[in-house]
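>>> Here's my sequence, what's the structure:
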Amino acid sequence: MENVTPQTNVLWGEEKKKGSILIIVPHYLDATVPVQHNYVKLLQATTKGLIKAGDSFKIFPATLIKAKTKHTTPLPFILYGEEADKLNILGTQPMWITPTVSFSAILATATPSLFICTLEGYYELDPTEANEKSVGDTVGRELATNAEIIKWAQYEPERYNALPAATPLHKVTEEIAKLITVRHLKVVERQQEIIVWRLYLTKHFTSRPEYFKQFVEKVCAITFQRLEGAGKAKKTNYECACCHGRDHPTGLCPYKQVPGFFDRDPNSYRQAMEAKQDAASTSIQSAGPSGVSIPANNNSSRGHFVSIVGTEAGDRKAFKGKRGTKRRRT
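The predicted structure is shown next:
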């Protein structure tokens, strides 16, 4: 839910209370260009006919905030406004192929994230489990007694509807504070290794994504004071290019540790530039007059960098977009 527009978040939160929501992902749709209105009408007519939906049936394009390359998932659409039984028909199989369009269908209910934010400022703290618990205790105490958090939580019961029904009103923030957990992460920023502290919930205290977003905004406005310094939420979350996670940079993505899942390093172009390899066995010779050697592209269809490395005497600096040394005519 973090990578879609605010309008999608609001719509999803409102419709989830009324019944089922269906996500469909059309096949062969370019995510980098706006979706044509005629295509949306065609998709709505097709899905409406499949489930024999009424006039209340609607379709909403959940436009992604960022779609930088063509190697992204096609824009998802949300189907809503119909009885759950009818939407469930489309959810009975993952893929639909019709004479007009083909798409994948997923029954879904939006749930808030468990990630809250990343704290900076405790640079003198060692990255240990004991200090993770200590930072968690600091954050929990502040959240349980913070006037803004208390006022926000007690204003609307839906903001804590996942807590036990018997929770007293004056204990709501205390129960939320008990759900806080912390994990440290070593990162390199401005050519220096630092420790940051990521805040999570162990489970949801609300089922409404829009209310959890409000809670996160309140937390990010707080400065958590300790003897070791002042902890403050990062102004901009990380944005992993592999999994789109917001709690780690791309270089530390857990997906890259899964054997076979991500076996093509997006930074391999750096290795190609630095490694001394045999051009005959590791390169593809170009047909150009300069004989520029091009390393095998290990990042095809991934949208990552591709560099041209010169290996001959006149082309040692002939990287992409540059020419080698001009040869004299004899």
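>>> can you list the domains in this structure?
6-108, 115-233, 268-315 (automatic domain parsing).
>>> what is the mean pLDDT for the first one?
Read it as domain 6-108. The average of the pLDDT scores along domain 6-108 is 74.
>>> Okay, residue 189 and residue 196: tell me how far apart.
From residue 189 across to residue 196, the span is 9 Å (Cβ to Cβ, to the nearest Å). C-betas here are computed from N, CA, C, even on glycine.
>>> I should have written residue 139 there, sorry.
With Cβ to Cβ as the criterion, residue 139 and residue 196 are 14 Å apart.
>>> got any residues that touch both of the two?
residue 119 (Cβ atoms under 8 Å, 6 or more residues apart in numbering).
>>> can you give me the helices in this protein?
Taking DSSP state H, the helices of the chain run over residues 6-16, 37-51, 84-91, 129-145, 147-155, 172-177, 209-220, 268-274, 279-282.
>>> Compile the ones you listed into CSV and extend it with columns for mean neighbour count.
Supplementary listing: the helices of the chain in CSV, determined by neighbours: other Cβ atoms under 10 Å:
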stretch, mean neighbour count
helix 6-16, 17
helix 37-51, 15
helix 84-91, 16
helix 129-145, 17
helix 147-155, 15
helix 172-177, 20
helix 209-220, 18
helix 268-274, 15
helix 279-282, 11
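>>> number of nearby residues for residue 179?
Residue 179 has 18 neighbours, counted by other Cβ atoms under 10 Å.
>>> Name whatever forms a beta bridge with the nearest residue to it once chain neighbours are set aside.
Using Cβ to Cβ, 6 or more residues apart in numbering and skipping the chain neighbours, the partner closest in space to residue 179 is residue 201 (4.7 Å). Judged by DSSP bridges, the bridge partners of residue 201 are residue 180.
>>> Residue 201 contacts residue 111, doesn't it?
No: using Cβ atoms under 8 Å, residue 201 is not in contact with residue 111; the gap is 11.3 Å.
>>> These two: who's more crowded?
residue 201 (20 against 15).
>>> got a list of what that one touches?
Each residue near residue 201 by Cβ under 8 Å, 6+ apart is listed here: 114, 116, 179-181.
>>> For residue 231, see how far away it is.
Residue 201 is 17 Å from residue 231, where distance means Cβ to Cβ.
>>> now swap in residue 96 and tell me
49 Å.
>>> for residue 190, same thing?
To residue 231, residue 190 is 19 Å away according to Cβ to Cβ.
>>> So for the two, which sits in the more crowded spot?
Higher neighbour count among residue 190 and residue 231: residue 231, with 23 against 5, using other Cβ under 10 Å.
>>> out of everything not next to it in sequence, what's closest to residue 195?
Nearest to residue 195 is residue 127, by Cβ to Cβ, 6+ apart, at 5.0 Å.
>>> before we move on, what about residue 112?
residue 212 (3.5 Å).
>>> so how far is residue 82 from the one you found?
27 Å.
>>> swap in residue 180?
From residue 180 across to residue 82, the span is 39 Å (Cβ to Cβ).
>>> Residue 117 now?
37 Å.
>>> Strands along the stretch 151-300 of the chain, start to end?
180-189, 192-201, 224-226, 229-233, 283-285, 293-295 (DSSP state E, counting those that start in this stretch).
>>> Could you tell me how far the residue nearest to residue 179 is located from residue 116?
For residue 201, the distance to residue 116 equals 7 Å [Cβ to Cβ].
>>> Give me the pLDDT value at residue 187.
pLDDT recorded at residue 187 is 92.
>>> Surely it touches residue 247?
No: counting by Cβ under 8 Å, residue 187 does not reach residue 247; the two are 10.9 Å apart.
>>> For those two, indicate the residue with more neighbours.
Between residue 187 and residue 247, counted using other Cβ under 10 Å, residue 247 has the larger neighbour count: 20 against 16.
>>> list the contacts for the more buried one?
115, 118, 185, 198, 200, 237-238 are the contacts of residue 247 under Cβ under 8 Å, 6+ apart.
>>> Just give me the closest of those residues to residue 253.
For those, the residue nearest residue 253 by Cβ to Cβ is residue 238; the value is 9.8 Å.
>>> any idea of the pLDDT on the closest one?
pLDDT at residue 238 comes out at 91.
>>> swap in residue 207?
83.
>>> surely it meets residue 160?
No: with contact defined as Cβ under 8 Å, residue 207 and residue 160 do not form a contacting pair (10.0 Å).
>>> of the two, who's got more company?
residue 160 (22 against 17).
>>> contacting residues for that one?
153, 167, 172, 175-176, 205-206.
>>> Same check on residue 52?
With the criterion set at Cβ under 8 Å, 6+ apart, residue 52 makes contact with residue 86.
>>> and the gap between it and residue 90?
For residue 52, the distance to residue 90 - Cβ to Cβ - is 11 Å.
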